[in-house]
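Participant: Give me a model of this one.
(chains A, B, C and D)
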Number of protein chains: 2
Amino acid sequence: MEEKRALAAFAALSQETRLRIVRLLVTAGSEGLPAGAIGEAMDGATSSRMSFHLGHLEHAGLVTSRREGRQIIYSVTYQALSDLIAFLMRDCCQGRAEICAPVVAALSCSCEPDKDPAHA
Amino acid sequence: MEEKRALAAFAALSQETRLRIVRLLVTAGSEGLPAGAIGEAMDGATSSRMSFHLGHLEHAGLVTSRREGRQIIYSVTYQALSDLIAFLMRDCCQGRAEICAPVVAALSCSCEPDKDPAHA
DNA sequence: TCAACCTCTCAATAGATGTTGAGATCTTTA
DNA sequence: TAAAGATCTCAACATCTATTGAGAGGTTGA
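Facilitator: Below you'll find the predicted structure:
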């Protein structure tokens, strides 16, 4: 993942509503959720506000959309998320075990379906 | 890492100059670099611009500063970076192997001192 | 102590961002 | 084809962000 895309991804995730959307869509899985349902989950945000943020996320490549009947279904782009994580690890790790080591150590539990109450 | 800190970290990294500063400071290691040297590396950015961005990064917890004589030395906060990566993996992974699996697979090489020309 | 140095703080400004409301577009159902 | 539903587009507005230039606050060496 090159710098430009990483910058766009960071910008997309730096806004509370958008971060919440991504988290919601990750839990929703690859089936995704219609825009209306996402808006409901965001304390009933207006449709234009949703459209703005979903468009922002889509532009950044973090979500994709497809039409299904009269609804538009959004789902998270798993590849983009893992690319972003990889960017952080490669780009910012750069041989610094101080950064990577704790993350690697934590991976054994954090990458299974999460039951840990200390999560988040 | 809770949501608020993650949002601040994403916002801090979503700006080209600041992302470049972090990358520079990671390569600089724990000794860090004086503000002036960082400004030099940023195409000779003005001191107030540097102060603005370094303050932003420090506020987000991604860097720390210490005075050394007449210089102020900035260094990256390794803990914050690994916390951010862990946040992404835990929060956005949530049992989704589609996201984590590729990253985990890539870790074996990406976490060593980087010699890969395809990097970045 | 004085002058030079390094960095920060502050005010001003231009541009980007987030929210809202009105209305347009596309889709489904009767 | 008309009505209703779901979502998008657009303009307007308030707010936040990034940059600049001027100047202040510590620190060092003569």
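
Participant: correct me, but A:M89 touches A:C100?
Facilitator: Yes. Taking C-beta atoms under 8 Å as the definition, A:M89 is a contact partner of A:C100 at 6.2 Å. For glycine as for every other residue, the C-beta is placed from the backbone atoms N, C-alpha and C.

Participant: give me every residue that touches the spatially most central residue of chain A.
Facilitator: Against the mean C-alpha coordinate of chain A, by C-alpha atoms, centre = their mean, the closest residue is A:V22 at 3.9 Å. In this structure, A:V22 makes contact with A:A12, A:L13, A:L57, A:L62, A:V63, A:V76, A:L81, B:C92, judged by C-beta atoms under 8 Å, 6 or more residues apart in numbering or on different chains.

Participant: For chain A, which residues are neighbours of DNA strand D?
Facilitator: Proximity of chain A to DNA strand D is assessed by C-beta under 7 Å from any atom of the strand, with A:34-37, A:39, A:47-48, A:50-52, A:54-55, A:65, A:70-72 identified as the residues in range.

Participant: Could you list which residues are in contact with the residue in chain A positioned nearest to DNA strand D?
Facilitator: Nearest to DNA strand D, among the residues of chain A, is A:G36, at 2.3 Å (C-beta to the nearest atom of the strand). Neighbouring residues of A:G36 by C-beta under 8 Å, 6+ apart: A:S47, A:Q71.

Participant: repeat that for 6 Å
Facilitator: Contacts of A:G36 were listed using C-beta atoms under 6 Å, 6 or more residues apart in numbering or on different chains, and none were found.
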